[in-house]
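[1] return a 3D structure for these sequence lines:
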Amino acid sequence: MDEYREESGRKSQDGPEKIDITGLLQDLYHGIRKFWWLVIILTVFFAVKNYFSVTTSYVSQYVASATVSVNSATGSSAQDMAQVFPYIMTSGVLAEVVSEDLGVESLPGTISAEADEGTNLLTISVSAEDPQVAYNTLMSVLKKYPEVAEFVVGETRLTILDETGIPSDTRREEVFRGSYKRGALKGAMIGMMIIMLYVLTRGTVKSKKKLKKHLNLNECGTIPYIRKKKRKKETFNDSLSLLNDRISQGYLEALRKIRIKVMNEMAENEYKTLMVTSSVPGEGKTTLAANLAISIAKQGKRVILLDCDLRNPSIAGVMNEKGKYPGIGAVLGKKVMLKDAIVDIPLPSGSLKILYGGEDDEKNTKLLGTRTMEELIHALNVQFDFVILDTAPSGILADAPVLARYVDAALYVIRYDYVKMRHILDGVQSLAMSGTHILGYVFNGDNAKSGSYGYGYGRYGSYGKYGRYGSYSHYGSYGNNLQKGSTDKDGRVIRE
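    As a prediction, this is how the structure comes out:
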């Protein structure tokens, strides 16, 4: 444990990590692959929302315009007239004269003028909510404008060259079409911002390189991502178990390498008991424990697999077992004999027995730290070549560190893109404090090369059935016993 602390401390002092642009782009790519549906939903939602918002509040604006030639007794050009026009309008004189001509109290529209550069042409436009009002106002402006302009630029004559007549709303279709386009763009941008925020804040481990940099553990193997095909009717064993003949060759080869590495190190150190754990639920520790037990048993070994994750017993699910069996809690509580609780799994060669977890019961977890549990593991150690324990996650509960006192070694499962490094460090540290030997880690569901995303295991939500339990919830005394100066199961001194 001292070596682990020293190495982790040294690596943490290397300074802040450099930003990996390539990795960031890959994460963004995977984020888009995972949440593309969110972008589509937001795009459609905002497109529809913006469209209905605009169509329900849109007020048609009709623009009547006329192009006129300007002739002034003083020689003023159209440009001069266009510059003078705003002054005439703001003075209120023209508006008052036009309103009086139309027989209304105030000007029923907006008037503007624009000169064609280098010519004596002036375009006068009137916009209003009613097409007839817009046209009538334009005609009144053309009639009354020379009278008003006379006091400013002298005698002026306007000759109509072209006029629109009673206008139609030509902007309506353009505005409506642009409304859903703008809404769609807004939705897509929000979706991409959410994905980018997800990528930047997720911070999960996606490479063995990062594990090597921060974690002083050996790599025991990598399990590739396995995508489970969805079928309407699953009338056959479709679990990710070696007893399922539909398991891919890639998975079988990966597990074979892990089994060889584990068996060699166990034999070299004369170990017989091995626990499998992880940082948080959902990393695939149960599936690995079950398949490792099957693989070792097929080598002609006598193996027993214990489901010690009593809050969420899952070995039966991996083994596709639908029956009811007394669990390890019933054995520890002396409600049933050990021989009656052990289930035999038929194999072509070797022997595999399983002690299922039974029904989840929080009270049974207290029995894991008792003398009875230690005696049970010792008895099984005599009868079998390998005793494999599937335990609760080490990063959130004390079950695994407590059981680690009774076993020879531990195997740590880390799932690709699922857990943050600090959670891994916390889980490994709590396990290391027990004094057990950690063989190394298995990188589970690695899809860095395959380009896939996600993993074929079931979902736990936040922490599933573990969510309401804090670390070391039932083993406060054990946590206190692992302080500086105390000893582990082999009599080694624990130092900080």
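[2] now do V141: how many residues are near it, please.
    26 (other CB atoms under 10 Å). C-betas here are computed from N, CA, C, even on glycine.
[3] show me what the strand or helix carrying it is packed up against.
    Per DSSP states H and E: V141 is located in helix 131-153. Helix 131-153 sits against strand 62-72, helix 78-90, helix 93-102, strand 121-128, strand 156-163, with contacts defined as 3 or more CB pairs under 8 Å, 6 or more residues apart in numbering; DSSP states H and E.
[4] just the C-alpha atoms of that helix, please, in CSV.
    C-alpha atoms of helix 131-153 as CSV (Å, rounded to 0.1, in the frame of the first residue of the first chain):
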residue,chain,number,x,y,z
PRO,A,131,-52.9,47.1,-48.5
GLN,A,132,-55.5,49.7,-49.6
VAL,A,133,-54.4,52.1,-46.8
ALA,A,134,-50.7,51.7,-47.9
TYR,A,135,-51.6,52.5,-51.5
ASN,A,136,-53.9,55.5,-50.6
THR,A,137,-51.2,56.9,-48.3
LEU,A,138,-48.6,56.6,-51.1
MET,A,139,-50.8,58.5,-53.5
SER,A,140,-51.4,61.2,-51.0
VAL,A,141,-47.7,61.5,-50.3
LEU,A,142,-47.0,61.9,-54.0
LYS,A,143,-49.7,64.6,-54.3
LYS,A,144,-48.8,66.5,-51.1
TYR,A,145,-45.0,66.2,-51.0
PRO,A,146,-44.3,68.9,-53.6
GLU,A,147,-46.5,71.4,-51.7
VAL,A,148,-44.5,70.7,-48.4
ALA,A,149,-41.1,70.6,-50.1
GLU,A,150,-41.7,73.9,-51.8
PHE,A,151,-41.0,75.7,-48.5
VAL,A,152,-37.7,73.9,-48.1
VAL,A,153,-36.1,73.4,-51.6
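[5] angle of it against helix 93-102?
    Helix 131-153 runs at 130 degrees relative to helix 93-102, counting by axes from the mean of the first three to the mean of the last three CA atoms, to 10 degrees.
[6] max-length helix in this protein?
    helix 21-57 (DSSP state H).
[7] can you give me the end-to-end span of stretch 97-115?
    23 Å (CA to CA, to the nearest Å).
[8] avg pLDDT for it?
    For stretch 97-115, mean pLDDT rounds to 86.
[9] shouldn't M373 be within a helix?
    Yes. M373 forms part of a helix when assessed by DSSP: H, G, I helix; E, B strand; the rest coil.
[10] picking up where we left off before, pick out the shakiest of the helices and strands packed on helix 131-153, pLDDT-wise.
    Looking at the helices and strands packed on helix 131-153, the lowest mean pLDDT belongs to helix 78-90 (a mean of 68).
[11] neighbours around R177, how many?
    The burial count for R177: 11, using other CB under 10 Å.
[12] so it is in which element?
    Going by DSSP H and E, R177 is in helix 171-202.
[13] same question for I166.
    Residue-wise, I166 maps onto no helix or strand under DSSP H and E.
[14] wait, it sits on Y135?
    Yes. I166 lies in contact with Y135 (CB atoms under 8 Å); the separation is 4.7 Å.
[15] for the helix holding V141, give the mean pLDDT please.
    Across helix 131-153, pLDDT averages out at 84.
[16] give the buried residues for it.
    Within helix 131-153, the residues that qualify as buried are 131, 133-142, 144-146, 148-149, 152-153, counting by 16 or more other CB atoms under 10 Å.
[17] just stretch 421-432 next, same as before
    Taking 16+ other CB under 10 Å as the criterion, stretch 421-432 shows 421, 423-432 as buried.
[18] elements contacting the helix holding R177?
    helix 21-57.
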